[in-house]
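Engineer: Here's a sequence, model it:
(4 chains)
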4 protein chains.
Amino acid sequence: MLNVSIIGGSGYGGGELLRLLLGHPQVQVQQVTSRAHLGEFVYQVHPNLRKHTTLKFCDPAQVEPADILFLALPHGQVQTQIDHYAELAPKIIDLSADFRLKDPALYKKWYGQPHAAPQWLDKFVYGLPEIHRGEIAGASYISGVGCNATASNLALLPLVSADLIDKSAPVYIEIKVGSSESGAAGNAGSLHAERANVIRTFSSFGHRHTAEVIQESGLNDVSLTMTAVDLVRGALATVHTKAKEGIATKDLWKAYRAASNDNPFIRVVKEQRGIYRVPEPKIVAGSNYADISFDLDDNSGHLVSICAIDNLMKGASGSAVQCMNIMMGWDETTGLEFCGLHPY
Amino acid sequence: MLNVSIIGGSGYGGGELLRLLLGHPQVQVQQVTSRAHLGEFVYQVHPNLRKHTTLKFCDPAQVEPADILFLALPHGQVQTQIDHYAELAPKIIDLSADFRLKDPALYKKWYGQPHAAPQWLDKFVYGLPEIHRGEIAGASYISGVGCNATASNLALLPLVSADLIDKSAPVYIEIKVGSSESGAAGNAGSLHAERANVIRTFSSFGHRHTAEVIQESGLNDVSLTMTAVDLVRGALATVHTKAKEGIATKDLWKAYRAASNDNPFIRVVKEQRGIYRVPEPKIVAGSNYADISFDLDDNSGHLVSICAIDNLMKGASGSAVQCMNIMMGWDETTGLEFCGLHPY
Amino acid sequence: MLNVSIIGGSGYGGGELLRLLLGHPQVQVQQVTSRAHLGEFVYQVHPNLRKHTTLKFCDPAQVEPADILFLALPHGQVQTQIDHYAELAPKIIDLSADFRLKDPALYKKWYGQPHAAPQWLDKFVYGLPEIHRGEIAGASYISGVGCNATASNLALLPLVSADLIDKSAPVYIEIKVGSSESGAAGNAGSLHAERANVIRTFSSFGHRHTAEVIQESGLNDVSLTMTAVDLVRGALATVHTKAKEGIATKDLWKAYRAASNDNPFIRVVKEQRGIYRVPEPKIVAGSNYADISFDLDDNSGHLVSICAIDNLMKGASGSAVQCMNIMMGWDETTGLEFCGLHPY
Amino acid sequence: MLNVSIIGGSGYGGGELLRLLLGHPQVQVQQVTSRAHLGEFVYQVHPNLRKHTTLKFCDPAQVEPADILFLALPHGQVQTQIDHYAELAPKIIDLSADFRLKDPALYKKWYGQPHAAPQWLDKFVYGLPEIHRGEIAGASYISGVGCNATASNLALLPLVSADLIDKSAPVYIEIKVGSSESGAAGNAGSLHAERANVIRTFSSFGHRHTAEVIQESGLNDVSLTMTAVDLVRGALATVHTKAKEGIATKDLWKAYRAASNDNPFIRVVKEQRGIYRVPEPKIVAGSNYADISFDLDDNSGHLVSICAIDNLMKGASGSAVQCMNIMMGWDETTGLEFCGLHPY
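Structural biologist: This next block holds a predicted model:
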């Protein structure tokens, strides 16, 4: 059993990490920090963990060396202390946005200020196994992924891998998201009475996760449009673009089946009958699956690709644990076997 | 007080018509039919109307002549009996899809079979006052509107009126809808346990309302993508296209303000602060408003236009009553003064 | 048209007052205050009011004399300034809890501190027309009602009026409420991700509104148990007690019918068929109705009484406007005609 | 690995059984039947199981002998075929209501007709391990539990075990439930547009599960009041009764702690701080936990006990698998380790 510790364990990403790591057969959770909840039992903040752990939140200053360190802090904090964290553990997985972008200029453009530790950018591997499995296997430092970027990148994966998109066409990605994306702190618009029943397009374009999609897909004319809907967990990305001349439905089937065959957590959902014919976030809630599908309008060339994930799992903590498994040489699915609930 | 009767009053569209007409100062509801609920009090099916009416549902065969006849039947039924209905009343407003399309070929293409009364198509005016106010004023026969078509057409209205779209670009319309769109009969996927928490893209393109958008906007390369979300009332249309070369944000403001100034039920919502910065269906629930907004990405030319409506109101019964008001020369907003609820 | 002003117009109660008063034919809203939103348009905070008013929030210090003053401030504030407010207007309706209890000792017991203006307690009439219609007609000062107290008091009304309860039995009132009861400020547990999907019994007994139920019903062994559920507007009170020896269902019918006949906003809902057989808060959302019903178990004497209200309407602003109507000699239902929505 | 088969696998209870048994290390699912979905892949009906099984639904007539047979059929069917099922497997766990009541007269009273196989009633053990663990260990035939009965019985467990209730007082149990209780077939009121946003008290007393509460608790003056709320999974039972003279809070703590110590799936939730201070169904969704708590009003003796469960898990399939574990001598928690999700 390896020792893992979590810096920043009181948020939703940290809570999900705790749930996964407490049930993981290869690790034991040594310490978990929270300044706001110092000294409280972990289960007082994450009530689902009651009877699963008697850990208490400790102060970040008390963190001891560990085999693997998970960082689940607000964006911008890790980059100023990365040297310190690197002394605590030989392996680091950072869930924040700090080390996702490889290009300091891209970071500055999307995050509005220069990166505080640009020399570290190259040491981190972008933690999406479906794209970087090989590099992750040999990595010491892994960056977590943006949830909306992940839904987008996995919707694009088969299209990009098989080169099916007409490069001259723009790529519009409509993302519908649940309220857990706003985090445990929330904002004025996150109050239940204001957030319930919404269909709220809070960003037409310009969302920061766009940078990760551009970096990982190699596409340029990409927009992410963000719409909040009434749900807690889940994100659905719908890609609208044009298929390359000559592409037919069978080419798409081939690409999507390949994505599913090559990746344990990707499933193609494209049924002709029943209630669940397409990917739906509610079906993957709590699981690490990314369900994908597509449609091609032969007349217009309109190509639609869809990806449903749980933003806290495949879009954050689930991918992080999957990366740990790959990095440590364990079975990729260890500790990630939960299949989701129906009905939900 | 004119006498109005409703054929097909037990569905959601019929119930909303009843609510509006029972509170309308210029009309009295004479009869309302329902085969399934024959003899029941109207308020047993529409419980909000208790203490507002003691009407009972009668048989369609018992309908007597009226000043205005509202038809709220399933699609396909009115076209086979339109001659009969025309004998009952000099003014008809039909909420079904039967007389929305002017071109019998377009009807056949989208509805899969020939129209049963093509000679009547020209007699009906498409009942969207924001586009056909003048014709409606002089009409005897008015066709209701499709709810998703209306959200789309009103999102497009300022762009089409002011000719702001790059005609060579496709128009992708993402529509998110509540469960009342499935009607009071529903389907297997409408069961609460299956429909709650959904983000379900049930149609990537090919929705029948596309025909109304093509007809009314004059645009051709148009796709409607339909996504069900967890909400009862409401539809949000998000248009993605490209702005014409040279179009700037001020041109868009001008066009959107004109739409608001010219139409009592159109409001522009584009705030820099507060919780409600963009159009949201929950804010217009129960009201006849269409809230619209836009965004233009100067770098890419990506143009986003948004419209939020209550699908049962502006998308169906509200527009129908608005048409009645215009047709009869009454103030356009009569009986439609309800402003919606906050919070909701 | 009388001039009315609202002190404290940015909360949910104030917003609902604005909606009602802006549509009321006998009054015009002169001023509305908010420190937090000073200078903002009212519709920026209450987005449903866009195109209904161009009022801006002003400073409380700028309030001018008015015919009627509505106070919608947090509890505890009015009692310290009541003399000032009384100089501004001859008629005052206070929505806070400050003047609901007639007995200073009862106030101290439930609110934990002495009342700051006990000499004013007698001047206020408790603003529930179904109990105090006569006094309200002659009053200058009216206290608003507690929402949970109102659901309870109206569930009890027929039972108390007709003396149907076994006085030796305890009265357990289970109240299920929506999130708007927490107000526009909310608390940590009001965040959507925490508040969605809840069935959260946050208070087993001891809720402050209990005092109003004891005062108005004359019953003593009364408990209010509060459970938050996933809904924005609405409260349902379910009373559990024992019927007096010899009471039969027909006695209950008689009492409930009388309550409905005597009060325009009370409706009895007790159907044998259809979906809506019992009172439901969603059906009265936005309306001023209180829907009531009952059940009697002949074997055990277990007597159940139910009342559904919209907590912001009949439980707060709707009752306040109803009181204004009665106080001013207008028709009791003026400005309160909205019947609610179905479906919702 | 033992072979288990499921008769009736397309409903919600059957789907949950499949989820649990497919992940159970000691068994393999041999066959699962469904007449309505004959030949379909199990994951087409239960979409969460995609990539977890390639089983197809088979015809009930094709069921072969198995080590353990789970029956998940509508009530009333098993009792007519129990001899046949007993030939197929030496161990049977029946989720229906057919063998829950030990007394044929009680069955007739609550189910309205005589039992078809009264001679089998004694052979079945009521499958609530927290009450019948010892008998279950030696049993061949186990009856599943009613979900509402289970929430009630576990709320009552510490009170009954420690004899803390005033026997002369009635026991009113208020149960709030999610929509999955209506099953995959549903009814008119289960349509999303009608079932969303509800607080619907559909039964004041007389629910059939009352019989199981009477049988298991030994209490007589018991009412179950059922209220549907907007949630898919979950049930909360709130017991209202009087404490025995002289009972203090410390006696209750002792009894509740004992219940938790003696039972791996019972947790006491009674916190003074944080968001989650009381049992909540959403926290146990997908898990087999029953979270319990209590409150005692020293003044009135009003005793409140609360139990939150997932109706499909602890209230049905989870308890069934727990019983299998006990019956087979495996660790009681095998295959039931999932701890639930937060946020949800």
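Engineer: Below-threshold pLDDT in the stretch 51-200 of chain A: ranges please.
Structural biologist: Within the stretch 51-200 of chain A, no stretch has pLDDT under 70.
Engineer: where do the strands sit along it?
Structural biologist: A:68-71, A:91-94, A:124-126, A:141-143, A:171-177, A:199-203 (DSSP state E, counting those that start in this stretch).
Engineer: who's in contact with residue A:262?
Structural biologist: Residue A:262 is in contact with residue A:130, counting by Cβ atoms under 8 Å, 6 or more residues apart in numbering or on different chains. (Glycine included, C-beta is placed from N, CA and C.)
Engineer: That one and residue A:276: what is the separation?
Structural biologist: Note on residue A:262: its distance to residue A:276, by Cβ to Cβ, to the nearest Å, is 23 Å.
Engineer: and if you look at residue A:15?
Structural biologist: 28 Å.
Engineer: I'd like the strands of the stretch 51-200 of chain A laid out as TSV, including mean neighbour count.
Structural biologist: Listed next are the strands of the stretch 51-200 of chain A as TSV, based on neighbours: other Cβ atoms under 10 Å in any protein chain shown:
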stretch	mean neighbour count
strand A:68-71	26
strand A:91-94	25
strand A:124-126	23
strand A:141-143	27
strand A:171-177	26
strand A:199-203	23
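Engineer: Packing partners of the helix or strand harbouring residue A:44?
Structural biologist: Using DSSP states H and E, residue A:44 sits within helix A:42-45. If you count contacts as 3 or more Cβ pairs under 8 Å, 6 or more residues apart in numbering or on different chains; DSSP states H and E, helix A:42-45 packs onto no helix or strand.
Engineer: Need the pLDDT of the closest residue to residue A:48 other than its chain neighbours.
Structural biologist: Spatial nearest neighbour of residue A:48, chain neighbours left out: residue D:340 (4.0 Å); criterion: Cβ to Cβ, 6 or more residues apart in numbering or on different chains. Residue D:340 is assigned a predicted lDDT (pLDDT) of 98.
Engineer: In contact with residue D:340, which residues?
Structural biologist: So residue D:340 contacts A:48, D:283-287, D:289 (Cβ under 8 Å, 6+ apart).
Engineer: swap the cut-off to 6 Å and go again
Structural biologist: Counting by Cβ atoms under 6 Å, 6 or more residues apart in numbering or on different chains, residue D:340 touches A:48, D:283-287.
Engineer: what secondary structure does it sit in?
Structural biologist: For residue D:340, the reduced secondary structure class is coil; criterion used: DSSP: H, G, I helix; E, B strand; the rest coil.
Engineer: still on that earlier bit, any idea which of the contacts of residue D:340 is closest to residue C:137?
Structural biologist: Comparing the contacts of residue D:340 against residue C:137 with Cβ to Cβ places residue D:283 closest, at 50.3 Å.
Engineer: The closest one looks like it's in a strand, true?
Structural biologist: No: counting by three-state DSSP, residue D:283 is not found in a strand; it is helix.
Engineer: need the contact list for the closest residue to it other than its chain neighbours.
Structural biologist: Leaving out its chain neighbours, the residue that sits closest to residue D:283 by Cβ to Cβ, 6+ apart is residue A:47, at 4.9 Å. Applying Cβ under 6 Å, 6+ apart, we find residue A:47 in contact with D:276, D:283, D:342.
Engineer: measure the second one to residue A:233 for me?
Structural biologist: Yep, that's residue D:283 we're talking about. 14 Å.
Engineer: Surely residue A:172 is in contact with residue A:240?
Structural biologist: Yes: if you go by Cβ atoms under 6 Å, residue A:172 and residue A:240 touch, sitting 4.4 Å apart.
Engineer: And whichever strand or helix holds residue A:29, what does it pack against?
Structural biologist: For residue A:29, the host element (DSSP H and E) is strand A:27-32. Secondary-structure packing of strand A:27-32 (3 or more Cβ pairs under 6 Å, 6 or more residues apart in numbering or on different chains; DSSP states H and E): strand A:2-7, helix A:12-22.
Engineer: Let's see that with 10 Å instead.
Structural biologist: Here strand A:27-32 touches strand A:2-7, helix A:12-22, helix A:42-45, strand A:68-71, helix A:318-328, going by 3 or more Cβ pairs under 10 Å, 6 or more residues apart in numbering or on different chains; DSSP states H and E.
Engineer: What's the separation between the closest residue in space to residue A:200 that isn't next to it in sequence and residue A:186?
Structural biologist: If the residues on either side of it in the chain are set aside, residue A:200 comes closest to residue A:228, at 4.4 Å by Cβ to Cβ, 6+ apart. From residue A:228 across to residue A:186, the span is 12 Å (Cβ to Cβ).
Engineer: between the two, who's got more neighbours?
Structural biologist: When residue A:228 and residue A:186 are compared for neighbours, residue A:228 comes out ahead with 24 against 20, by other Cβ atoms under 10 Å in any protein chain shown.
Engineer: Near chain C, which residues of the stretch 51-200 of chain A are found?
Structural biologist: A:178-198 (Cβ under 10 Å from any Cβ of the partner chain).
Engineer: what do you get if the cut-off is 6 Å, keeping everything else the same?
Structural biologist: A:179-180, A:186, A:190-193, A:195-196 (Cβ under 6 Å from any Cβ of the partner chain).
Engineer: Taking those, tell me the two that lie furthest apart.
Structural biologist: A:180 and A:193 (17.6 Å).
Engineer: of those two, who's got more company?
Structural biologist: The neighbour count for residue A:180 versus residue A:193, taken as other Cβ under 10 Å, is higher for residue A:180 (33 against 24).
Engineer: Could I get the full set of helices for the stretch 101-250 of chain A?
Structural biologist: A:104-111, A:129-137, A:147-161, A:192-195, A:209-217, A:249-262 (DSSP state H, counting those that start in this stretch).
Engineer: Check which helices and strands the second one sits against.
Structural biologist: Where contact means 3+ Cβ pairs under 6 Å, 6+ apart, helix A:129-137 is packed against strand A:124-126, helix A:318-328.
Engineer: could you dump those to a markdown table with distance to chain D?
Structural biologist: Listed next are those as a markdown table, based on distance: least, Cβ to the nearest Cβ, whole Å:
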| stretch | distance to chain D |
| --- | --- |
| strand A:124-126 | 25 |
| helix A:318-328 | 12 |
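Engineer: Next, count neighbours for residue A:189.
Structural biologist: That count, for residue A:189 with other Cβ under 10 Å as the rule, works out to 18.
Engineer: list the contacts for the closest residue to it other than its chain neighbours?
Structural biologist: Take residue A:189 and drop its neighbours on the chain: the residue closest to it by Cβ to Cβ, 6+ apart is residue B:275, 4.4 Å away. Contact analysis of residue B:275 by Cβ under 6 Å, 6+ apart lists A:188-189, A:194.
Engineer: Residue B:275 should be in a helix, yeah?
Structural biologist: No: using three-state DSSP, the assignment for residue B:275 is coil, not a helix.
Engineer: sorry, back to before: any idea how far the residue nearest to residue D:283 is from residue A:15?
Structural biologist: 10 Å.
Engineer: Overlap of the contact sets of the two?
Structural biologist: Residues touching both residue A:47 and residue A:15 (Cβ under 6 Å, 6+ apart) are residue D:342.
Engineer: distance of residue A:200 from residue A:146?
Structural biologist: For residue A:200 relative to residue A:146 (Cβ to Cβ), the value is 20 Å.
Engineer: hang on, I meant residue A:210
Structural biologist: Distance from residue A:210 to residue A:146, counting by Cβ to Cβ: 9 Å.
Engineer: what about residue A:299, how many neighbours?
Structural biologist: Neighbours around residue A:299, by other Cβ under 10 Å: 9.
Engineer: mind giving me the domain split of chain A?
Structural biologist: The record's domain parsing of chain A by automatic domain parsing lists A:2-145+A:314-328, A:148-311.
Engineer: Go through those domains and pick out the most buried.
Structural biologist: Among those, domain A:148-311 has the highest mean neighbour count (mean count of other Cβ atoms under 10 Å in any protein chain shown), at a mean of 22.
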